[in-house]
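*Asks:* starting from these lines, generate the structure:
(one chain, ligands or ions: 1)
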Amino acid sequence: MLQLYIPLNFLGVLYREIKQSLADMEKLFSLLDQNQDVADRPGAAVLQIAQQGGAEIRFEHVNFSYEEKRQILFDVNFTIPAGTTTAVVGHSGSGKSTLSRLLFRFYDIQSGVIRIAGQDVRDVMQSSVRAAIGIVPQDTVLFNDTIEYNIAYGRPGADKDEIIAVAKAAYIHDFIESLLDGYQTMVGERGLKLSGGEKQRVAIARTLLKNPSILIFDEATSALDSQAEQMIQAQLKEIAAGHTSLVIAHRLSTIADAQQILVMDKGRIAERGTHQELLARQGLYAQMWERQQSGASDGGETADVADAA
Ligand code: ATP
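*Replies:* Numbering: from 1, shown residues only. A predicted model of the protein is given here:
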C-alpha cells in the first residue's frame, strides 16, 4: 500500500505545482496581453527615449470607447512634462485607469493621438512602449518563489546590492530582514502571505529595479491608517524622482504635492491644476477634498472618491 501511496502522493504534489505555475503564467499573460487586437504596424520603430529624466507624455484630443456604443473618454488633452508627476482623481468609472491602459497601448483610440517623447504610440513597437513603462498595480502578483526573486524580476540579473538598495528605497528592507529566512523567504500563494501594503512595496522595489522612464502608480483603494498614508506619500516622492509619473489616486492627501492634478468626470477632464489651485477653485476637487477630510477626521478612512458620486 505504501509503495502505491508514495508515487500517488508525489503525483498529487506535482499536479498542484503545475497548476500553480500555470496560474502564475495566466496572471502574467493576462497582465501583459490584455488585448491581442492591437498589432505593430509594419516597420514600426523602437520608441526613442533619452537615457535620463523621463519622457514627456501627451494626450491630444483623445476619444475612446471599449465598445461601439459607449464612449468612455471625450476629447482628453493633457501633457505630463518629462520628469514630473501628474495625478488623476475622479469618481469610480470616470476613466482614470483607462488612461493608463491607453498609454500602454492595450487598446487603440478612436481619434486623437497619444505621444511618448513626441512619438505616436501607434508608430512604435509595443514591446518598446511596454519596456519604457513600469507599473505599480493595485494588486501585485507575487510568484511562488523567494522575496529576492520577486524583486529581481524587475530586472533579471540584478545583483544583491542593487536588490537591497531598491528594497530600502521602497521601505521593505527592514521587514525582509526581520523574517527568519530574510531575502530567501518564500512568498506567494504557497509561501508567506504578505499584506496588501507589503505586496505593493515589493512591487515598488521591483519597479525601481526596472528603472523605467515612465511610472504608473495605481494606488490601492483599500483603507489605510494615516501612518501608512504618509508612507505612501514618501514612497511616491521616492519613486517619482527622475521619472515621468502618472498616479491614479484614491486618497487626495497622498498626491497633494503632485505638479499637476487632473480631475476626471464622466470621461472628461473637468478640472486641472495643483492642489492649492484646485482648492481655490472651489469646484469638484475642493468638494472631494472636503469630503475626504471630514471622512478622515471622524475616524473612518476610505472617504474614497469612488463613493462620492
Ligand atoms: P475606478 O476608480 O473604479 O477604478 P476608473 O475611473 O479607473 O474607476 P475605468 O476603469 O477607466 O474607471 O473605467 C471607465 C469606464 O470604462 C467604466 O464605465 C467601465 O465600466 C468601462 N470599462 C472599463 N474597462 C472596460 C472594458 N474592458 N470593456 C468595456 N468597458 C470597460
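*Asks:* and residue 272, that's in a strand?
*Replies:* Yes: inclusion of residue 272 in a strand is indicated when DSSP: H, G, I helix; E, B strand; the rest coil is applied.
*Asks:* ok, the residue nearest to it when sequence neighbours are not counted - contacts?
*Replies:* Leaving aside its chain neighbours, residue 272 sits nearest to residue 262 (5.1 Å; criterion: Cβ to Cβ, 6 or more residues apart in numbering). C-betas here are computed from N, CA, C, even on glycine. Taking Cβ atoms under 8 Å, 6 or more residues apart in numbering, we find residue 262 in contact with 78, 86-90, 269, 271-272.
*Asks:* can you check residue 122 too?
*Replies:* Counting by Cβ under 8 Å, 6+ apart, residue 122 makes contact with 41, 105, 108.
*Asks:* now do it against residue 255, distance only.
*Replies:* For residue 122, the distance to residue 255 equals 30 Å [Cβ to Cβ, to the nearest Å].
*Asks:* also residue 176?
*Replies:* 27 Å.
*Asks:* surely residue 292 is in a strand?
*Replies:* No: counting by three-state DSSP, residue 292 falls outside a strand, being helix.
*Asks:* count the residues that sit near it.
*Replies:* By other Cβ atoms under 10 Å, 20 other residues sit near residue 292.
*Asks:* tell me if I'm right that it and residue 252 touch.
*Replies:* Yes: in this structure, residue 292 is within contact of residue 252 by Cβ atoms under 8 Å, at 5.4 Å.
*Asks:* related to what we said a few turns ago, beta partners for the residue nearest to residue 272?
*Replies:* With DSSP bridges applied, residue 262 shows beta-bridge pairing to residue 88, residue 272.
*Asks:* confidence score at it?
*Replies:* For residue 262, the pLDDT comes out at 98.
*Asks:* for the chain, what lies in contact range of the ligand?
*Replies:* Within reach of the ligand by Cβ under 6 Å from any ligand atom, the chain has these residues: 66-67, 72, 90, 92-98, 306.
*Asks:* circling back to that earlier point, what subset of the contacts of residue 122 is buried?
*Replies:* Those of those that meet the buried threshold are residue 105, by 16 or more other Cβ atoms under 10 Å.
*Asks:* in JSON lines, list the contacts of residue 122 along with secondary structure and pLDDT.
*Replies:* Below are the contacts of residue 122 laid out as JSON lines (DSSP: H, G, I helix; E, B strand; the rest coil; pLDDT from 0 to 100):
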{"residue": "41", "secondary structure": "coil", "pLDDT": "92"}
{"residue": "105", "secondary structure": "coil", "pLDDT": "93"}
{"residue": "108", "secondary structure": "coil", "pLDDT": "95"}
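*Asks:* before we move on, back to that, what's the farthest-apart pair in the residues of the chain next to the ligand?
*Replies:* For those, the maximum inter-member distance is 22.0 Å, found between 67 and 306 (Cβ to Cβ).
*Asks:* and these two? Which one has more around it.
*Replies:* The residue with more neighbours, out of residue 67 and residue 306, is residue 306; 15 against 7, by other Cβ under 10 Å.
*Asks:* now for residue 128, how many residues are close by?
*Replies:* So residue 128, with other Cβ under 10 Å, has 18 neighbours.
*Asks:* which non-adjacent residue is nearest it?
*Replies:* Excluding its sequence neighbours, the residue lying closest to residue 128 (Cβ to Cβ, 6+ apart) is residue 47, at 4.0 Å.
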